[in-house]
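**Q** turn this into a structure:
(chains A and B, ligands or ions: 2)
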Amino acid sequence: MVQLFNVCKAYTRDGNALEDINLKIPKGDFVYITGPSGAGKSTLLKLLFAAEKPSRGQILINGQNLTRMRSSRIPFLRRQLGVVFQDFKLIESRTIFENVSFPLEVQGKKRYEISKKVYQMLKSVGLEHKLTKRPLELSGGEQQRVAIARSLVVEPLVLLADEPTGNLDPEVTLDIMELFKSANARGTTVLLATHDRDMIHRFPRRQIGLEAGRLVEDRTP
Amino acid sequence: MRQSPFLCTAAIGTVTVALCILAFFAIVVLNVQQLTQNWSREVQVVAYLDEVPAKNRLEMLIKDAQMIDTVEGVEFISRQQALDGFRSRLGDDATLLEGLESDFLPASLRISLKEGSRNRVSVEKVVSQLKSKKLFSDFRYGQDWLDRFDSFVSLIKLSSAILGGFLLFAALFIVANTIKLTVYARRDELEIMSLVGGTSLFIKTPFLIEGALQGAVGGGFSLGFSYILFEFFLHQGLSSLLLSGGIDNIIFLPTHFQLMIIAGGIFLGFFGSLLSLRKFVRI
Ligand SMILES: Nc1ncnc2c1ncn2[C@@H]1O[C@H](COP(=O)(O)OP(=O)(O)O)[C@@H](O)[C@H]1O
Ligand SMILES: [Mg+2]
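**A** Residues are numbered from 1 along each chain as shown, chains lettered A, B, ... in the order given. Ligands and ions are numbered 1, 2, ... in the order given. Model prediction:
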């Protein structure tokens, strides 16, 4: 599903944020990307949803070569992906319902179809009673669940999550892990960047370790 | 699309103010142009005839003069008509003319020029063409006055072109910056739209339509405002300045100029949005 060949990324001239990464993630996998702060976890995810271009190497997602992709095709790649950001990136002026329906609207889906999907999605993250609230009226954990609902509502082939539990307390972390696991069970390939040892311990899965931009560990329990 | 009412008002207001200034400027230029056009009717060539030729010869002469492409009309002034004109200008002193023969003033052709040709170069061209006929004793065309008139007209043209261009540029700059604020206020939404797979067209179109609409509304407001201000202030100011120069009416913008102001608003709104979006939408 996701393949990287000799991928390098340099933001500046004096050093690589990622160096010579080779990686193969089959369909339906659940993978942790671990490493200390500044190791290049976010950079790797940004390359995968084409927010950044690799300086060298090739990236394939579902058979599509990102490095050769015309920029007008990037929106269509992103429609196959779900992305969860560490800072949620919700639109504060819109309701929870509108935030979650946003990707479907952008894709030009029909209204009745949107309503049904969004309601079901919000129900599965346990927020169906907060449809008309706005993001800032919700707790951090609830906001993160909204962000996850938004990423999953499009039924993505690949889910990319950048430290989704970074700022949340342990109980909330458990809830959120359940959401990722059930998405994975429905067939979505999950890539989860984290430095939360505890979480990896609780749900052991394949683990890819980065350090200073290099791949230093690839371990399947 | 939802936008803060404050920023929406700011965008419309900026377009309105910018276009009001442009509209005022256009009104002043148009009326000064009216004035110079009026003055330019004075540009004439008077060609004095040595002797009055025979009737068919004279008609040929007039026809020849009319054939010159810059000539608007040719009028024959006979000796008698010249004398009558002179007499009426003397008024009460006309008795001075008694006892004089009726032919002491020469006959002449009074030649007026078409509007675009009322300048020194064209006048002199006409004169030199007539000179080749060798029938005329003298030409009068107010050489000194014509020079001053020419430089006045070109000064007006140059300064209005420079000032108008500057105003338009300033308007675009100011409007683009105000719209940048409205886009900036929604940069999160723009970023998220592109991250969840919105195409460039999908993301930009609502902003462009909104910008164009705000521009059109601003254009309409500016027409309304400048009309009110024109009626109450500008009309009087311009009247005292220009009516003594011989034009009979101070005009507001003609219809096609009004349409141009609206179109200018749409232009400012659309391109203002397009310019600001380039920064925030990178796909
Ligand atoms: N936009 C950027 N411009 C320049 N350097 C960056 C940028 N983003 C990240 N970096 C650098 O790249 C390296 C990896 O960063 P990042 O991928 O954010 O690490 P992580 O997410 O693992 O903490 C760091 O050294 C960081 O300073
Ligand atoms: Mg990071």
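**Q** where are the low-confidence patches of the chain?
**A** I'll assume chain A. By pLDDT under 70, chain A has no low-scoring segment.
**Q** um, chain B though
**A** Across chain B, the ranges flagged by pLDDT under 70 are B:1-3, B:101-102, B:243-248, B:282-283.
**Q** separation between the residue of it most remote from its centre and ligand 1?
**A** For chain B, the residue at maximal distance from the C-alpha centroid (C-alpha atoms, centre = their mean) is B:Val196, at 52.3 Å. Taking C-beta to the nearest ligand atom, to the nearest Å as the measure, B:Val196 falls 21 Å from ligand 1. Bear in mind the C-beta positions are built from the backbone N, C-alpha and C, glycine included.
**Q** tell me if A:Pro103 really is in a strand.
**A** No: secondary structure assignment (DSSP: H, G, I helix; E, B strand; the rest coil) places A:Pro103 in helix, not in a strand.
**Q** around it, how many other residues sit close by?
**A** For A:Pro103, the count of nearby residues is 27 (other C-beta atoms under 10 Å in any protein chain shown).
**Q** and what of A:Val125?
**A** Burial of A:Val125 is recorded as 21 neighbouring residues (other C-beta under 10 Å).
**Q** how about the nearest residue to A:Gln80 once chain neighbours are set aside, phi and psi?
**A** In space, and not counting its chain neighbours, A:Gln80 is closest to A:Leu157: 4.7 Å by C-beta to C-beta, 6 or more residues apart in numbering or on different chains. Main-chain dihedrals, A:Leu157, degrees, to the nearest 10: phi -70, psi -40.
**Q** ok, now A:Thr189?
**A** Note on A:Thr189: its backbone torsions stand at phi -80, psi 130 [degrees, to the nearest 10].
**Q** name the helices or strands packed onto the helix or strand B:Leu58 falls within?
**A** Element membership for B:Leu58 (DSSP states H and E) is helix B:55-67. Judged by 3 or more C-beta pairs under 8 Å, 6 or more residues apart in numbering or on different chains; DSSP states H and E, the packing partners of helix B:55-67 are strand B:71-77, strand B:108-113.
**Q** give me that answer again for 10 Å
**A** Using 3 or more C-beta pairs under 10 Å, 6 or more residues apart in numbering or on different chains; DSSP states H and E, the elements in contact with helix B:55-67 are strand B:44-49, strand B:71-77, strand B:108-113, helix B:120-131.
**Q** what does it contact?
**A** Helix B:55-67 is contacted from outside by B:45, B:47, B:49, B:52-54, B:71-76, B:78, B:107, B:109, B:111, B:126, B:129-130, B:133, B:135-136, using C-beta atoms under 10 Å, 6 or more residues apart in numbering or on different chains.
**Q** C-alpha coordinates for it, CSV please?
**A** Backbone C-alpha positions of helix B:55-67 (Å, rounded to 0.1, in the frame of the first residue of the first chain) are rendered in CSV as follows:
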residue,chain,number,x,y,z
LYS,B,55,-19.0,81.7,-59.4
ASN,B,56,-18.2,78.2,-60.7
ARG,B,57,-14.5,78.8,-59.9
LEU,B,58,-15.4,79.7,-56.4
GLU,B,59,-17.5,76.6,-55.9
MET,B,60,-14.6,74.5,-57.1
LEU,B,61,-12.4,76.2,-54.6
ILE,B,62,-14.7,75.5,-51.8
LYS,B,63,-15.2,71.9,-52.9
ASP,B,64,-11.4,71.5,-53.0
ALA,B,65,-11.0,72.8,-49.5
GLN,B,66,-13.7,70.5,-48.3
MET,B,67,-11.9,67.6,-49.8
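**Q** check the offset of the lengthiest helix in chain B from the chain's centre.
**A** Counting by DSSP state H, the longest helix found in chain B is helix B:143-184. Distance of helix B:143-184 from its chain centroid, counting by C-alpha atoms, centre = their mean, to the nearest Å, is 13 Å.
**Q** contacts only, for the closest residue to B:Thr70 other than its chain neighbours.
**A** Of all residues not flanking B:Thr70 in the chain, B:Ser117 sits nearest, at 3.8 Å (C-beta to C-beta, 6+ apart). By C-beta under 10 Å, 6+ apart, B:Ser117 lies in contact with B:40, B:43, B:68-72, B:123, B:125-126.
**Q** dump those residues into a markdown table; add distance to A:Asp218 and neighbour count as well.
**A** A markdown table is the format used below for the contacts of B:Ser117 (distance: C-beta to C-beta, whole Å; neighbours: other C-beta atoms under 10 Å in any protein chain shown):
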| residue | distance to A:Asp218 | neighbour count |
| --- | --- | --- |
| B:Ser40 | 88 | 18 |
| B:Val43 | 92 | 21 |
| B:Ile68 | 94 | 17 |
| B:Asp69 | 89 | 10 |
| B:Thr70 | 89 | 18 |
| B:Val71 | 94 | 20 |
| B:Glu72 | 92 | 14 |
| B:Val123 | 92 | 23 |
| B:Lys125 | 91 | 15 |
| B:Val126 | 94 | 22 |
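**Q** separate out the buried members of the contacts of helix B:55-67.
**A** Among those, those classed as buried by 16 or more other C-beta atoms under 10 Å in any protein chain shown are B:45, B:47, B:49, B:52, B:71, B:74, B:76, B:78, B:107, B:109, B:111, B:126, B:130, B:135-136.
**Q** show the end-to-end separation of stretch B:191-202, please.
**A** Criterion C-alpha to C-alpha, to the nearest Å; first-to-last residue distance in stretch B:191-202 is 13 Å.
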